[in-house]
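Participant: Curious how this folds, go ahead:
(one chain, ligands or ions: 1)
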Amino acid sequence: MHLVFGVLRHRDQLDFLVAQLCARPTGQIHPWVRQALTVGLYQIFFLDRTPTFAAVNETVEALRQAGLPKKLLGFTNAILREALRRKEVLAASIIADPGNPPLLNHPAWLTERWQAHFGADIMQAICAHNNREPILCLRAVHAYGREPLRHLFQKAGLNTENGAVAPESVLLPDFHGEIPSLPGFQDGLFQIQDQSAQLATYLLAPFSAGRRYLDCCAGLGGKTTHLAELVSSQGSAIMALEPDPGRFRLLQENLARCRSQTTVSVRMQTLEDFCRSCTSRFDAVLIDAPCSGTGVIGRQPDIRWNRRAEELPRYQQRQRALLKLAATLLVPGGILVYATCSIEPEENQQVVAGFLNEFPAFRLTDCREFLASTAHHLVSEGFFRPLPGRGQDGFFAARLLRKG
Ligand SMILES: C[S@@+](CC[C@H](N)C(=O)[O-])C[C@H]1O[C@@H](n2cnc3c(N)ncnc32)[C@H](O)[C@@H]1O
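Facilitator: I've put the predicted structure just below:
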């Protein structure tokens, strides 16, 4: 997984190296050889824990096991050895080549739109962030607390940091192991959750007694479990929907691990199906909508290569439909939080603007009031919209109030 993700995070640079090292045009190289070369070159140029002879031998061996002819094995071997000979000069050329545009390892349609929306410097900072290995970010459960959790990790020899923006967040910058091996996992002392996602749940405030909450797109339950910790257990109830069977199973597991006192009911259902039979109304509804995921490309590096600009209107259409449905489930005075892990205005501000136009009974409230002061700089025009950065994913949330 590390090798595959690494290749996806450095694809432009690796393709550039292949082009420098092979006399024939890249398009004419056998596709398996080309892919194997990028995996070998990734280890040679970006990893210091793989001995170079192993990177060469294992790459050639992988192609041998795939049944490729000897001639192609020899070709691969020769290219990788040539890369070792010219490593220093080539390494310098992929970092900064003054005569050429920087190799950003993102498709042009994304870098061009980010440059247009945020300017060249921020676009390059987002790409640089997405090209680094992400830092593991956890949310300490409310009842246990962040400092005791850090203490527990420190006793196990783990290096930890407080996240800069979310009050319950703990970063583990050097940890690359199995999550269940972390102390406190089985006891439900933390959940894996990025800082931006952690902050989003606070927008569902108030958390007073006797309120009913609906999490329309619960996924693995990152926000559902957080909400279950934040709400008053006195008479409050949470309903969570997740139609995907695999995610639904993990949602149930995560809820069981979090051991909250609050009643959480779960349904393996779409919002559309739920609305058909639901007669109850809720005080707060969260719609964490399916989206392009351009805010989480650092964690899921394949997203940058798999998405297309033409897909954004389709996402928008679905998001508008889900938001409209969710709005029908609120009591007067209720709170509707719309969120995505996209940084594209089509999926965010445009969806909210279209909704407010169509539903004058709702108005936007300023997210700042509900977030810790450490996160106030992430709010603009009332929206919570952090860009990808250290220990923080790109995210969007709007808090809408149904007028009384
Ligand atoms: C962005 S993810 C949710 C992440 C989750 N809230 C969390 O905090 O971990 C969106 C989820 O919506 C679910 N989904 C997709 N279509 C849906 C629909 N029509 N109704 C309800 N959920 C849906 C997807 O299966 C996916 O798990």
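Participant: C-alpha from now on. contacts and neighbour counts both.
Facilitator: Will do.
Participant: Can you get me a residue count around whatever residue of the stretch 251-400 of the chain ends up closest to the ligand?
Facilitator: Residue of the stretch 251-400 of the chain nearest the ligand, by C-alpha to the nearest ligand atom: residue 270 (3.5 Å). For residue 270, the neighbour count with other C-alpha atoms under 10 Å is 15.
Participant: in the stretch 251-400 of the chain, which spans are helices?
Facilitator: If DSSP state H, counting those that start in this stretch is used as the criterion, the helices of the stretch 251-400 of the chain fall at 271-277, 303-306, 312-327, 349-358.
Participant: before we move on, what about the stretch 1-150 of the chain?
Facilitator: 2-9, 11-21, 31-46, 52-65, 70-85, 87-95, 108-118, 120-131, 146-155.
Participant: For those helices, please prepare CSV with the additional fields mean pLDDT.
Facilitator: CSV is the format used below for those (pLDDT from 0 to 100):
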stretch, mean pLDDT
helix 2-9, 96
helix 11-21, 96
helix 31-46, 97
helix 52-65, 96
helix 70-85, 97
helix 87-95, 91
helix 108-118, 97
helix 120-131, 96
helix 146-155, 97
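Participant: Would you format those as a markdown table with distance to residue 394 and mean neighbour count included?
Facilitator: Below are these laid out as a markdown table (distance: least, C-alpha to C-alpha, whole Å; neighbours: other C-alpha atoms under 10 Å):
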| stretch | distance to residue 394 | mean neighbour count |
| --- | --- | --- |
| helix 2-9 | 17 | 19 |
| helix 11-21 | 22 | 19 |
| helix 31-46 | 25 | 20 |
| helix 52-65 | 34 | 17 |
| helix 70-85 | 36 | 16 |
| helix 87-95 | 25 | 14 |
| helix 108-118 | 12 | 15 |
| helix 120-131 | 9 | 18 |
| helix 146-155 | 23 | 16 |
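Participant: Throw those helices into JSON lines and include distance to the ligand, thanks.
Facilitator: Formatted as JSON lines, those follow (distance: least, C-alpha to the nearest ligand atom, whole Å):
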{"stretch": "helix 2-9", "distance to the ligand": "21"}
{"stretch": "helix 11-21", "distance to the ligand": "26"}
{"stretch": "helix 31-46", "distance to the ligand": "30"}
{"stretch": "helix 52-65", "distance to the ligand": "35"}
{"stretch": "helix 70-85", "distance to the ligand": "41"}
{"stretch": "helix 87-95", "distance to the ligand": "34"}
{"stretch": "helix 108-118", "distance to the ligand": "20"}
{"stretch": "helix 120-131", "distance to the ligand": "19"}
{"stretch": "helix 146-155", "distance to the ligand": "20"}
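Participant: out of the ones you listed, which comes closest to residue 364?
Facilitator: With C-alpha to C-alpha as the criterion, residue 364 lies closest to helix 108-118 of the helices of the stretch 1-150 of the chain, at 22.3 Å.
Participant: any idea of the angle that closest one forms with helix 120-131?
Facilitator: 130 degrees (axes from the mean of the first three to the mean of the last three C-alpha atoms, to 10 degrees).
Participant: Of the helices of the stretch 251-400 of the chain, give the one that comes closest to residue 157.
Facilitator: Comparing these by C-alpha to C-alpha, helix 303-306 comes nearest, at 33.9 Å.
Participant: how much space between residue 194 and residue 163?
Facilitator: Counting by C-alpha to C-alpha, to the nearest Å, the separation of residue 194 from residue 163 is 9 Å.
Participant: Outline the domain layout of this protein.
Facilitator: 2-95, 196-402 (automatic domain parsing).
Participant: now the end-to-end length of the first one.
Facilitator: Using C-alpha to C-alpha, the span of domain 2-95 from its first residue to its last is 21 Å.
Participant: And the last one, by the same measure?
Facilitator: The straight-line separation of the ends of domain 196-402 (C-alpha to C-alpha) is 24 Å.
Participant: Grab the nearest non-local neighbour of residue 170.
Facilitator: residue 162 (4.8 Å; C-alpha to C-alpha, 6 or more residues apart in numbering).
Participant: thought the one you found was touching residue 171?
Facilitator: Yes - Residue 162 lies in contact with residue 171 (C-alpha atoms under 8 Å); the separation is 6.0 Å.
Participant: Out of the two, name the residue with the larger neighbour count.
Facilitator: Set residue 162 next to residue 171 and count neighbours by other C-alpha under 10 Å: residue 171 wins out with 22 against 18.
Participant: Now the more buried one: which helix or strand?
Facilitator: strand 169-172 (DSSP states H and E).
Participant: just the helices of the stretch 251-400 of the chain: most buried one?
Facilitator: Ranked by average neighbour count under the criterion mean count of other C-alpha atoms under 10 Å, the helices of the stretch 251-400 of the chain are headed by helix 312-327 at a mean of 18.
Participant: by how many degrees do that one and helix 349-358 diverge?
Facilitator: Calculated by the same axes, to 10 degrees, helix 312-327 forms an angle of 40 degrees with helix 349-358.
Participant: which residues are contacting helix 312-327?
Facilitator: Contacting residues not belonging to helix 312-327 are listed as 216, 271-272, 275, 285, 287, 289-292, 336, 338, 346-347, 351, 354-355 [C-alpha atoms under 8 Å, 6 or more residues apart in numbering].
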